[in-house]
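> Below: sequence and its predicted model.
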There are 2 protein chains.
Amino acid sequence: MRTQRTRNRVLAESLRLFNERGETHVTTGVIAEALDMSPGNLYYHFRNKDQIIEELFALFEARIAVEPRVSGGGAAAMEDLWLYLHLMLEGIWEFRFLYRNLDDLLARNRRLREPFNRIIDRKQESVIALCEELVRVRAMRAQPEEIRALARNVLVVATYWLNFQAVRGRREAAGVEDLGLGAYQVMALVAPYLQGEAREHLDHLSKNYID
Amino acid sequence: MRTQRTRNRVLAESLRLFNERGETHVTTGVIAEALDMSPGNLYYHFRNKDQIIEELFALFEARIAVEPRVSGGGAAAMEDLWLYLHLMLEGIWEFRFLYRNLDDLLARNRRLREPFNRIIDRKQESVIALCEELVRVRAMRAQPEEIRALARNVLVVATYWLNFQAVRGRREAAGVEDLGLGAYQVMALVAPYLQGEAREHLDHLSKNYID
């Protein structure tokens, strides 16, 4: 019981420090000090920093595993999609240290490579399934190859949006205020394929972000 | 004369090593050794690694400065756009070390932050001007705010395409063979706004990448 609580405290503080300073700049010593804990006690719970990263990654994987639902055609579908995108981008933002130098992280920690790709695979399939459903209920008009290219672009933009904003904002890291614009940008990818009520409702939802 | 030749050799070899191994893993010692040059001789030409990076960045900036042209409506405009995208992505590929861990690079070397944003600013303006021209010649139908969102997405996909492919390909780095698919993905962003001959010609050009 107590052990679990300590583990969770270490994970939460590591996540906070990794997000704030970048994972490469945070050692286990820094984490222990921030928690007012002896390094020995930290090592009793976690073998090394890689183990902390892997457990945080598992938490991220669970956090991001939510699937989009399409409860109906038109307006309702757009509300679902908008909500889903916000949840996705929030998940990425909560664990943003993973995305900050993704190439390096995956090069250094090869055990994350497969699970990370598994997440992208699933999301890509979800986007495709969602578009197919929108086509079925006539809220979208798109060819199968258009949907595949669209899904890939949705994943690129969602994956790298916060990085792009950090670079653009001349800042070290993107802020939570960038999530709404991220959702808007992803919806802008989908928008030209929508028709009828779905398109109108999306334009309505988007208005908040462009005014 | 001889000095300039030596400088160029250092820059070319540094670029090769940075691209191959990642800039953080290549010291000036490694560069000197690869060139069979004494460290002292290297330091005679370059103060430190940051100076090499900054000069490579200046070469990249000149390389990428090409502007898109729209020589006519419809098919010709699509050929121009396709060629322009290939030139862009080739430029990014040649200097891919800059993009591999962009956040870290810009955090460590703040003098690159402004010029890098200047490049993105210009490219974004170019894409907007190009779309406005396509609208003018009736090859495209899009509202001003759609064009702005589209231009941002074009920049996100072009900037991070090679990173995404490296992650997706379970590889250390993307290959030159990924450039065509990158151009296809960027064109897929533009496609739904095109109409008439421009749209048809783009579909024709795209066929090579989806077969």
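Alright, I've got the coordinates.
> So which residue is smack in the middle of chain A?
With distances taken as CA atoms, centre = their mean, the residue of chain A nearest its centroid is A:Ile92 (2.7 Å).
> Which pLDDT value goes with that residue?
Looking at A:Ile92, its pLDDT stands at 93.
> ok, now how distant is it from A:Val154?
13 Å (CB to CB, to the nearest Å). Every C-beta, even on glycine, is put in place using the N, C-alpha and C of the backbone.
> quick one on the thing from earlier: I'd guessed the residue nearest to the centre of chain A sits against A:Leu85; true?
No. Contact criterion CB atoms under 8 Å: A:Ile92 and A:Leu85 do not qualify, at 10.7 Å.
> any residues in contact with both of the two?
Residues touching both A:Ile92 and A:Leu85 (CB atoms under 8 Å, 6 or more residues apart in numbering or on different chains): A:Ala158.
> quick check: angle from the strand or helix carrying A:Val186 to helix B:178-190?
According to DSSP states H and E, A:Val186 maps onto helix A:178-190. Helix A:178-190 and helix B:178-190 are oriented at 90 degrees to each other (axes from the mean of the first three to the mean of the last three CA atoms, to 10 degrees).
> any idea how chain A splits into domains?
A:2-46, A:56-210 (automatic domain parsing).
> Confidence-wise, which of those is weakest overall?
Ranked by mean pLDDT, those end with domain A:56-210 at the bottom, a mean of 88.
> just to revisit the earlier point, following element in sequence after the helix holding A:Val186, please.
Next helix or strand after helix A:178-190 toward the C-terminus (DSSP H and E): helix A:196-210.
> Contacts for that following helix next, please.
A:73-75, A:77-79, A:82, A:134, A:138-140, A:180-181, A:183-184, A:187-188, A:190-191, A:194, B:145, B:148-149.
> and with 6 Å instead?
Applying CB atoms under 6 Å, 6 or more residues apart in numbering or on different chains, the set of residues contacting helix A:196-210 from outside is A:74-75, A:77-78, A:82, A:139, A:180-181, A:184, A:191, A:194, B:145.
> residues from chain A in reach of chain B?
Contacts of chain A with chain B, taken as CB under 6 Å from any CB of the partner chain, map to A:100-101, A:103-104, A:113, A:145, A:149, A:152-153, A:156-157, A:160, A:163-164, A:185, A:188, A:192-193, A:210.
> In helices, which of those appear?
Counting by DSSP state H, the residues of chain A next to chain B place A:100, A:103-104, A:113, A:145, A:149, A:152-153, A:156-157, A:160, A:163-164, A:185, A:188, A:210 in helices.
> and the two most separated of the residues you listed?
Using CB to CB, the pair of these lying farthest apart is A:Arg113 and A:Ile210, separated by 37.3 Å.
> between the ones in helices among the residues of chain A next to chain B, which is nearest B:Gly40?
Scanning those for proximity to B:Gly40, where the rule is CB to CB, the winner is A:Asp104, at 31.3 Å.
> That closest one contacts B:Asn101, correct?
Yes. Under the criterion of CB atoms under 6 Å, A:Asp104 makes contact with B:Asn101 at 5.2 Å.
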